[in-house]
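**Q** Everything below, folded, please.
(chains A and B)
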Amino acid sequence: MRRLPALLRTTTFRITMMAAGLFALSAFAMLGFVYETTAGALTRQTDGLLNEQINIAKLTFNARGTNGVNRFVVQHSTGKDPYLYVFTYPNGRFISGNLSGLPKSMLKPGKTHRFSYQIRPAGAKDPVSHRAQGRLILFPGGYKLLVGRDVEENARIVDRIARALWIAAASVIALGLFSGVILSRRFLARLDALNAVAIDVMSGELHRRAPRNYSGDELDELAANLNAMLAQIEKLMEATRHTGDSIAHDLRAPLTRIRNRLEANLQAPDGEAKEALAQTLKDMDQILTTFNAVLRIARLEAGEQRQALSPLDPAPLVHDMGDMFAPVCEDSGLELLTETQEGLTIRADQGLLAQAISNLLDNAIKYTPAGGAIALRLRKRSDERVEISITDTGPGVPAEQREAILGRFVRLEESRSQPGSGLGLALVKAVADFHGAALELAEGAGSSDGKGEGLRVALVFPRVRKTRQKHAEKRPKMTNSDR
Amino acid sequence: MRILIIEDDLEAASYIRKGLTQSGHVADHAADGETGLQMARTAEYDVLVVDRMLPHMDGLTLVKALRDDGDNTPVLFLSALGEVDHRIEGLRAGGDDYLAKPYAFAELLARVEAQARRRDPNAVQTRLQVGDLEMDLLARTVKRDGKNILLQPREFRLLEFLMKHAGQVVTRTMLLEKVWDYHFDPQTNVIDVHISRLRGKIDKEFDTPLLHTVRGAGYRLQE
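**A** You can find the predicted model right below:
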């Protein structure tokens, strides 16, 4: 089958055509009604007048027979009456009247017929054809009488009405087609633009975005959704690429170190080689830790396992974390203060949240000089949101660098000497994003050694709707037979 | 102990097998799910080490089939799918423990041995004893050499776990999972600090240390 031209295949065009068709149909019905009420009325009016004459003729026949009818016809044929008469013998021979004979189409008596006849208007040289309407009466004995009336004037009016109606109908259809074409072409043009963007994106130009006209119509909405989708895809692609770069960046150094050490120890005596192997194993573990962290960040950023979030009371968790880290703080000469508020609810994954708090406490312990203090607080803020904050009395982070330290592998110059992969805060950020929580960095109350202002890191969770809270089940914990 | 390894990665399987054999266990190997299920059904094993993704029949299905037979052999899942949901999925299917790849062999060995211990008939214990260290689980008291030792609740649970697995290596991750019930990677030596506190209380004033550090693996409580 031959394919229709693009325009005819579009949905808009088809819909427009359908609408135009329906429109034309109703227009036809309306025009038919107009025609019927005008032309029909004229015909009926004429019919009524003819009926009157026929009745008179019939009465005349009943009273005075054929002679009476003949006289009636002769008398009326000469007047200025626009009536037409033909009176004939049963065999059709002309008796009297103002027409030369019965029109050939006049066959059935009692029915209104239309016919035309020749008339020579006053002063005119040639006869002209006029239209007439008439009826044949059959008298007893076979005599026939045609009573008619010239309807040329009426017919012309009707003709004009009909022509006007035809023009109107044609205009309706033409207009429908025209608007269909115009609308389809506009629609097609916008659709083509969307398709062009899709094709560009497929060929790798991920930054392309669909044009929008901000009218809020369906196509605009489609374009907006398409753009949001592309933005998400681009973000994920970017994240994937970044992850790849990060892995390469962070793993190359230790891998090279391992390789060098193994090579150097290939010929070394057993004892030395064993020591090198032990060191290598340690390096490998560090690599795996980094690798797992990167992978975890990537998964979180890709938004996997979002369903893992369930409503939970963060108080026991925060309490446990404080409990877990208190001895670590003590060993580092720090004081850990844990403050929790009971009865709060957040939607969270327990493991991830524990990881985030652990990383933050870890950082705080790492960067706070001995003699300082760390506060781990859980509270409901005045805006009803739940906040978990860790405040230390370390050197703090300059305001302009706060955004940057959330990135991967970013370590401030001063902290290069500290162990760590540089992924701790990035993981916290990923966990925060995964929970839809805000990660706020601010200065703390001041540093214990007077060299800095301390750092306050807060995870601010979105509010949990009450209805959800009621129906949600607590996430099943790992069964533990050892306890 | 007799252990069945169901793992399609032949190199990994042979490495686990070698390691388990060196530690004094007997290890068999099946390279796909169907063979593994058949072997598990026909022979008596103390622990099954099952990879989640296997040819012919995946690990979850295999373990479900075994559990449907009424076979309660402890199962340790190995999987590259390490995230929390996968872990829960594995445990729901009837697994007893879950270890994400890559892992240290010491971790695997510790977990396998911990699983085997669970089959002991005297599972309901009210008293634990390692050397001269005694724990009363009902009174929640600890004595060493007749002297009372005061422990905080968390320290008590830590010691209880160590005593239940006396003679076995327990890893830091195992302690975090079983004693604290959390699954995450602490970046610092959180567990070490707690162990060192506990050691201070149970070992410090006595001649023979009970709580040993196993290099590159974890800890072991032993006479």
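**Q** C-alpha from now on. contacts and neighbour counts both.
**A** Will do.
**Q** Tell me which residues touch A:C329, please.
**A** A:335-336, A:365 (Cα atoms under 8 Å, 6 or more residues apart in numbering or on different chains).
**Q** so what's it scoring on pLDDT?
**A** You'll see A:C329 listed with a pLDDT of 91.
**Q** How about A:M478?
**A** Value listed for A:M478 in the pLDDT field: 42.
**Q** before we move on, back to that, so which of the contacts of A:C329 are in strands?
**A** A:335-336 (DSSP state E).
**Q** between the contacts of A:C329, which is closest to chain B?
**A** A:I365 (9.8 Å; Cα to the nearest Cα).
**Q** residue ranges for the strands of the chain, please.
**A** Assuming you mean chain A. A:83-88, A:94-97, A:112-119, A:128-138, A:144-150, A:310-312, A:335-339, A:346-348, A:373-380, A:386-392, A:438-443, A:455-461.
**Q** could you do chain B instead?
**A** B:2-6, B:26-30, B:47-51, B:75-79, B:97-100, B:127-130, B:133-136, B:141-144, B:147-149, B:169-171, B:211-214, B:218-221.
**Q** Paired strands for the first one, with orientation please.
**A** Using DSSP bridges, the neighbouring strands of strand B:2-6 in the sheet come out as strand B:26-30 (parallel), strand B:47-51 (parallel).
**Q** do the same with the last one
**A** Strand B:218-221 has its sheet partners listed here by DSSP bridges as strand B:169-171 (antiparallel), strand B:211-214 (antiparallel).
**Q** Which of those strands has the highest mean neighbour count?
**A** Mean neighbours per residue, mean count of other Cα atoms under 10 Å in any protein chain shown, is largest over the strands paired with strand B:218-221 for strand B:169-171, with a mean of 25.
**Q** List of residues touching it?
**A** Contacts of strand B:169-171 (Cα under 8 Å, 6+ apart): B:106-107, B:110-111, B:114, B:162, B:214, B:217-221.
**Q** Dump the strands paired with strand B:218-221 into a markdown table; add mean pLDDT as well.
**A** Shown next, in a markdown table, are these (pLDDT from 0 to 100):
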| stretch | mean pLDDT |
| --- | --- |
| strand B:169-171 | 88 |
| strand B:211-214 | 89 |
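**Q** Could you export the ones you listed to JSON lines, including columns for distance to A:K58?
**A** Formatted as JSON lines, the strands paired with strand B:218-221 follow (distance: least, Cα to Cα, whole Å):
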{"stretch": "strand B:169-171", "distance to A:K58": "128"}
{"stretch": "strand B:211-214", "distance to A:K58": "136"}
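**Q** How many residues are close by A:R44?
**A** A:R44 has 11 neighbours, counted by other Cα atoms under 10 Å in any protein chain shown.
**Q** Would you check how far apart it and chain B are?
**A** 88 Å (Cα to the nearest Cα, to the nearest Å).
**Q** check contacts around that residue.
**A** A:R44 touches nothing, counting by Cα under 8 Å, 6+ apart.
**Q** Would you enumerate the residues in contact with residue 35?
**A** You didn't say which chain, so I picked chain A. A:Y35 neighbours (Cα under 8 Å, 6+ apart): A:161-162, A:165.
**Q** Name the nearest residue to residue 61, sequence neighbours excluded.
**A** Let's take chain A. Take A:F61 and drop its neighbours on the chain: the residue closest to it by Cα to Cα, 6 or more residues apart in numbering or on different chains is A:V69, 5.6 Å away.
**Q** meant chain B actually
**A** B:A93 (7.8 Å).
**Q** mind checking how far the one you found is from chain A?
**A** With the distance defined as Cα to the nearest Cα, B:A93 ends up 12 Å from chain A.
**Q** Angles on the backbone of that residue, please.
**A** B:A93 adopts backbone torsions of phi -70, psi -10, taken as degrees, to the nearest 10.
**Q** Compute the number of surrounding residues for it.
**A** 17.
**Q** quick one: contacts for it?
**A** In this structure, B:A93 makes contact with B:60-61, B:63-64, judged by Cα under 8 Å, 6+ apart.
**Q** picking up where we left off before, check the strands of chain B for me and report the most buried one.
**A** Among the strands of chain B, ranked by average contacts under mean count of other Cα under 10 Å, first place goes to strand B:47-51 (a mean of 27).
**Q** now the angle between strand B:75-79 and that one, please.
**A** Angle, strand B:47-51 to strand B:75-79, by axes from the mean of the first three to the mean of the last three Cα atoms, to 10 degrees: 20 degrees.
**Q** Quick check: buried residues in the lowest-mean-pLDDT helix or strand in chain B?
**A** Least confident element among the helices and strands of chain B, by mean pLDDT, DSSP states H and E: helix B:84-92 (a mean of 75). By 16 or more other Cα atoms under 10 Å in any protein chain shown, the buried positions in helix B:84-92 come out as B:84, B:86-88, B:90-91.
**Q** How about stretch A:290-297?
**A** A:290-294, A:296-297.
**Q** again, but for stretch A:176-189
**A** A:176-177, A:179-181, A:184-185, A:187-188.
**Q** And stretch B:30-47, by the same measure?
**A** Residues of stretch B:30-47 classed as buried under the neighbour-count rule (16+ other Cα under 10 Å) are B:30-37, B:39-40, B:45-47.
**Q** What residue spans form the domains of chain B?
**A** Using automatic domain parsing, the domain ranges for chain B come out as B:2-117, B:127-221.
**Q** As CSV, those domains with distance to A:G92 would be great.
**A** CSV is the format used below for the domains of chain B (distance: least, Cα to Cα, whole Å):
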stretch, distance to A:G92
domain B:2-117, 106
domain B:127-221, 118
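**Q** For A:P369, find the nearest of these.
**A** Evaluated with Cα to Cα, these place domain B:127-221 nearest to A:P369, the distance being 16.6 Å.
**Q** How about the contacts made by residue 41?
**A** Picking chain A for this. Going by Cα under 8 Å, 6+ apart, the list of residues near A:A41 is empty.
**Q** Let me rephrase: I mean chain B.
**A** Contacts of B:R41 by Cα under 8 Å, 6+ apart are B:L66.
**Q** and it, how far is that from chain A?
**A** Distance from B:R41 to chain A, by Cα to the nearest Cα: 25 Å.
**Q** quick revisit: next, check the buried residues of stretch A:176-189 against the helices and list the overlap.
**A** Secondary structure defined by DSSP state H assigns A:176-177, A:179-181, A:184-185, A:187-188 of those to helices.
**Q** which residues sit in contact with residue 66?
**A** Chain wasn't specified; assuming chain A. Per Cα under 8 Å, 6+ apart, neighbours of A:T66: A:Y143.
**Q** My question was about chain B, not that one.
**A** By Cα under 8 Å, 6+ apart, the neighbours of B:L66 are B:37, B:41, B:72.
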